[in-house]
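Undergrad: Take this sequence and fold it.
(chains A and B)
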Number of protein chains: 2
Amino acid sequence: MNEFELIERFFTHIHHAAGVVLGVGDDGAVLDVPVGEQLVVVMDTQVAGRHFPLDTSPFDIGWRALATNLSDLAAMGATPRWFTLALTLPEADEAWLSGFAEGLSVLAAQAGVSLVGGDTTRGPLTITIQAEGTVPAGQALRRSGARPGDGIYVSGYPGDAAAGLALHQGRLARATGSDSLLERFFRPEPRLALGLALRGKASACIDVSDGLLQDLGHILAASGVGAVLDLEALPVSAALAAITGEDARSWLLSGGDDYELCFTAPDAVVLPDTGLPLTRIGTVQASAGLYDSAGNTLEVAGYQHFGGAG
Amino acid sequence: MNEFELIERFFTHIHHAAGVVLGVGDDGAVLDVPVGEQLVVVMDTQVAGRHFPLDTSPFDIGWRALATNLSDLAAMGATPRWFTLALTLPEADEAWLSGFAEGLSVLAAQAGVSLVGGDTTRGPLTITIQAEGTVPAGQALRRSGARPGDGIYVSGYPGDAAAGLALHQGRLARATGSDSLLERFFRPEPRLALGLALRGKASACIDVSDGLLQDLGHILAASGVGAVLDLEALPVSAALAAITGEDARSWLLSGGDDYELCFTAPDAVVLPDTGLPLTRIGTVQASAGLYDSAGNTLEVAGYQHFGGAG
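TA: Numbering: from 1, shown residues only, chains lettered A, B, ... in the order given. Next comes the predicted model:
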């Protein structure tokens, strides 16, 4: 099977969005951006053995590669529309490709996006997706709008995905709810409905891909503010609570791959109800730094690198 | 140097296009597509050791990675505007990154495009760029518009890049003009001015990345037509002519990496003068297949896979 047959067979039928004037099969795709909307573009790469275990199922690899991009669109408050796929593969294995395309396809249908182009090459397994969404002009959510006094919120239960990965790798014994933790790592749900509902409400927003504290740190740096976190308020899932030991706390604060949204909003804002739990975990402060309620500095890997920004 | 410092240092200053509402540094970029224009998106991946020799200079790797994408935009008749970069690197080597960013930057300035986002990850050296351009609505060049009787044209001198690669790899002895052949492989010039000038003139267009015959084959398949080629008319550069042996002919017909444009146009069309030589190399026919002037079938690797399409 050569590159062209491979594209034809697996990647020309993922089509759920309007505005595709010309899709897969030419030198480029031609797309209609709705009048009055701005284009939002995001890009994410997944390297086998680094971003996901080598024994991850092809379905889950496809799902995650798209989900991480849709999560970035959610964090921008964008309506997802189209994506392009750069797939570097050691060999064109039909069973693998079929599973990978199915994972992509199921999530693409759920999110209403179309695959409009890309490139397949031979090499070590690496997947780059670039996704495009749109927002009404001026309404994109940014990292830079947090203001002193704003509440800090997180959706869902951060830390679950890191625990799921630890379970998969045998670093953790299974307990009640372990299947849900595995699912959180291998089939993350981009918070698209929440992202849309936060337009005009959140003052800043980011998705939690590198760990709650680190990603919150990006908001604080971009906004030129600090924060006090209420560690007791952090939401812990029943499944994570079932796991004892100090790993649980570390995952909650620093585990990546959750793809929840962390955002800030003034107290006057009525938060949207999209069925997802939203927990207030702290308050934005004018002075720089990240502290717990007792005034202790919270050390955040990565955060200090941005201390001087914004 | 971590991922964030790396991005900040090398990749936040490549900015030459209008319409960038929000660039590098958030979850996504926010872009303004001009009113009345359609978005054109292209994507191309380069794997070290596969798409370029392992000893290619970092400057040239950066240049080529952007050039191949700009070439796709040229083939669509699009004005290049923005791009995103997914860079997978074995290690964050400062000298390498500096050279790579410089190659990107020089070509980006020349083409007037902005780097608006991307992702840097650790792994085997792989570069994926997704570039965005715009065209006035309905004016994108496609592969599918070739009609019987149209002339078939190619810009510049196909085959030079393949000869340049052979020179670099020591498969070929140097001769007069060898430096220009090397330059054609390592610093391809995307034919952007020609692509723009062909809007409303060319009936079909593609860039020559996989070899002249194979890429022409894509036009013929997408258009549901065939062609007769005048092999004697094929343009041969002085540098390629200086090389004897049958390799020269094979490179001319099947060598990749030229990034010239191959297009079709009715005889009534006055071809644009952009300073590039444009050579008529054949005529589109209603009946399928690709023949030389004597009626012999031209065997084209890849072409037969598309015989049933269109």
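Undergrad: Only C-alpha atoms from now on, for both contacts and neighbour counts.
TA: Fine.
Undergrad: Distance-wise, check A:Asn69 relative to chain B.
TA: 9 Å (CA to the nearest CA, to the nearest Å).
Undergrad: doesn't A:Gly133 make contact with that residue?
TA: No. Judged on CA atoms under 8 Å, A:Asn69 makes no contact with A:Gly133 at a distance of 10.3 Å.
Undergrad: what packs against the strand or helix carrying A:Gly133?
TA: In this structure, A:Gly133 sits in strand A:126-136 according to DSSP states H and E. Counting contacts by 3 or more CA pairs under 8 Å, 6 or more residues apart in numbering or on different chains; DSSP states H and E, strand A:126-136 is packed against strand A:37-47, helix A:58-75, strand A:79-89.
Undergrad: model confidence over that strand, on average?
TA: Averaged across strand A:126-136, pLDDT comes to 97.
Undergrad: In the stretch 151-300 of chain A, which residue sits closest to chain B?
TA: Proximity of the stretch 151-300 of chain A to chain B (CA to the nearest CA) peaks at A:Ile206, 6.7 Å away.
Undergrad: for that residue, what are its contacts?
TA: A:72, A:75-76, A:142-143, A:215-216, A:219, A:261-263, B:27 (CA atoms under 8 Å, 6 or more residues apart in numbering or on different chains).
Undergrad: Return the subset of these lying in helices.
TA: Among the contacts of A:Ile206, DSSP state H puts A:72, A:75, A:215-216, A:219 in helices.
Undergrad: nearest to A:Leu231, of the residues you listed?
TA: Closest approach to A:Leu231 among the ones in helices among the contacts of A:Ile206 (CA to CA): A:Leu216, at 13.7 Å.
Undergrad: okay, the spatially closest residue to the closest one that is not a sequence neighbour: pLDDT?
TA: Leaving aside its sequence neighbours, A:Leu216 sits nearest to A:Cys262 (CA to CA, 6 or more residues apart in numbering or on different chains; 6.8 Å). We have a pLDDT of 98 for A:Cys262.
Undergrad: okay, now A:Cys262: neighbour count?
TA: By the criterion of other CA atoms under 10 Å in any protein chain shown, A:Cys262 has 28 neighbours.
Undergrad: beta partners for it?
TA: The partner list for A:Cys262 in beta bridges (DSSP bridges) reads A:Val154, A:Ile206.
Undergrad: Test my guess that it contacts A:Ser209.
TA: No. Taking contacts as CA under 8 Å, A:Cys262 lies outside contact range of A:Ser209: 10.2 Å.
Undergrad: what sits in contact with each of these two?
TA: A:Asp215.
Undergrad: For the strand holding A:Gly133, which residues meet the burial criterion?
TA: A:126-136 (16 or more other CA atoms under 10 Å in any protein chain shown).
Undergrad: and the angle from that strand to strand B:37-47?
TA: 160 degrees (axes from the mean of the first three to the mean of the last three CA atoms, to 10 degrees).
Undergrad: buried residues in the lowest-mean-pLDDT helix or strand in chain A?
TA: Lowest mean confidence among the helices and strands of chain A (mean pLDDT, DSSP states H and E): helix A:3-11, at a mean of 80. When neighbours are counted by 16+ other CA under 10 Å, the buried residues of helix A:3-11 are found to be A:6-7, A:10-11.
Undergrad: okay, now the domains of chain A?
TA: According to automatic domain parsing, chain A comprises the domains A:3-136, A:151-306.
Undergrad: for the first one, how far is the first residue from the last?
TA: Start-to-end span of domain A:3-136 (CA to CA, to the nearest Å) is 38 Å.
Undergrad: Equivalent analysis for stretch A:86-96, please.
TA: Termini of stretch A:86-96 sit 16 Å apart (CA to CA).
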